[in-house]
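S.K.: Build the 3D model from these lines:
(one chain, ligands or ions: 2)
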Amino acid sequence: MDQLTIALAKGRTAKQAIKLLQNADITFPDFHPSSRKLVFRNPENTVKLVFVKSVDVCTYVETGAADIGVVGKDNILEADADIYELLDLRLGKCKFCVAGPKNTPPLERVDQLTVASKYPRVAKQYFLKKGIPIETIKLNGSVELAPIIGMADVIVDIVETGNTIRENGLKIIADIKDISTRLIVNKASFATKTGSIQRIIDQIKSGLECSV
Ligand SMILES: Nc1ncnc2c1ncn2[C@@H]1O[C@H](COP(=O)(O)OP(=O)(O)OP(=O)(O)O)[C@@H](O)[C@H]1O
Ligand SMILES: O=P(O)(O)OC[C@H]1O[C@H](OP(=O)(O)OP(=O)(O)O)[C@H](O)[C@@H]1O
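M.R.: Ligands and ions are numbered 1, 2, ... in the order given. This is a model prediction of the structure:
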């Protein structure tokens, strides 16, 4: 039996992701949401679960430190890692948007922009396609503040309920892409542990179908 390591993004999607694994008969009896533990094992000792920062999941999987990762499409797009993305887990649904002050002109009428984002690569790609030259400012949070204090013209960020945008007097200028949590796999692991990885994917898939 292969030993598999799964890197799971800490944060808002972790609890639901653990539940999906449980539905697939991969259980971690020691897991508790308030625990500070970072490594868990299933009773059969075939799966090791490691909790990592969501921006680091792709690095763990690309380098082979983990065979499988559970992470948002936002982090996958920004990381541009050489991995397989094999399953949409339909958790953590939100979208990438361009947002800015209410008086921001339509994008067709702007010549250049300063864009603040936790996702500068995604921002660059989007505006490159639009043919709008941009300068990016990388931030690590509270991104909505950037246009309010004049640090940037617009932001590229995640929108879920829209509350953060609204409560800071901003508006959505364009939708970029729908985001959800995905299952990713290290390429070499998929070649050498195909059966075990495929089994986990099939088990998770059947759990997902039951929940529709
Ligand atoms: N409202 C939301 N804001 C941010 N991410 C969301 C939201 N809704 C769903 N997600 C998804 O959840 C994932 C984890 O988000 P979370 O905020 O917990 O981690 P994070 O962005 O690394 O934050 P932090 O740096 O505070 O740990 C995101 O990568 C995204 O795919
Ligand atoms: O549309 P909403 O439901 O308001 O959610 C979107 C907000 O949530 C995220 O921030 P997060 O809570 O991760 O905080 P951060 O500022 O530290 O990134 C994201 O960056 C937005 O700011």
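S.K.: Skipping adjacent residues, who's closest to T104 in space?
M.R.: I173 (5.7 Å; C-beta to C-beta, 6 or more residues apart in numbering). From N, CA and C alone the C-beta is placed, and that goes for glycine too.
S.K.: Show me what the helix or strand containing that neighbour packs onto, helices and strands only.
M.R.: Here I173, judged by DSSP states H and E, is contained in strand 170-179. Judged by 3 or more C-beta pairs under 8 Å, 6 or more residues apart in numbering; DSSP states H and E, strand 170-179 is in contact with helix 73-79, strand 94-101, strand 154-159.
S.K.: Grab the CA positions of the longest helix along the chain and hand them over as PDB.
M.R.: Longest helix in the chain, counting residues (DSSP state H): helix 194-211. Provided in PDB are the C-alpha atoms of helix 194-211 (Å, rounded to 0.1, in the frame of the first residue of the first chain):
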ATOM      1  CA  THR A 194      -1.400   6.000  -9.800                       C
ATOM      2  CA  GLY A 195      -3.700   3.400  -8.200                       C
ATOM      3  CA  SER A 196      -3.700   4.900  -4.700                       C
ATOM      4  CA  ILE A 197      -4.200   8.400  -6.000                       C
ATOM      5  CA  GLN A 198      -7.000   7.400  -8.400                       C
ATOM      6  CA  ARG A 199      -8.700   5.500  -5.600                       C
ATOM      7  CA  ILE A 200      -8.800   8.600  -3.400                       C
ATOM      8  CA  ILE A 201     -10.100  10.700  -6.300                       C
ATOM      9  CA  ASP A 202     -12.800   8.200  -7.100                       C
ATOM     10  CA  GLN A 203     -13.900   8.000  -3.500                       C
ATOM     11  CA  ILE A 204     -14.000  11.800  -3.100                       C
ATOM     12  CA  LYS A 205     -15.900  12.100  -6.500                       C
ATOM     13  CA  SER A 206     -18.600   9.600  -5.300                       C
ATOM     14  CA  GLY A 207     -18.900  11.600  -2.100                       C
ATOM     15  CA  LEU A 208     -19.400  14.800  -4.200                       C
ATOM     16  CA  GLU A 209     -22.000  13.200  -6.400                       C
ATOM     17  CA  CYS A 210     -24.000  12.200  -3.200                       C
ATOM     18  CA  SER A 211     -23.900  15.800  -2.000                       C
END
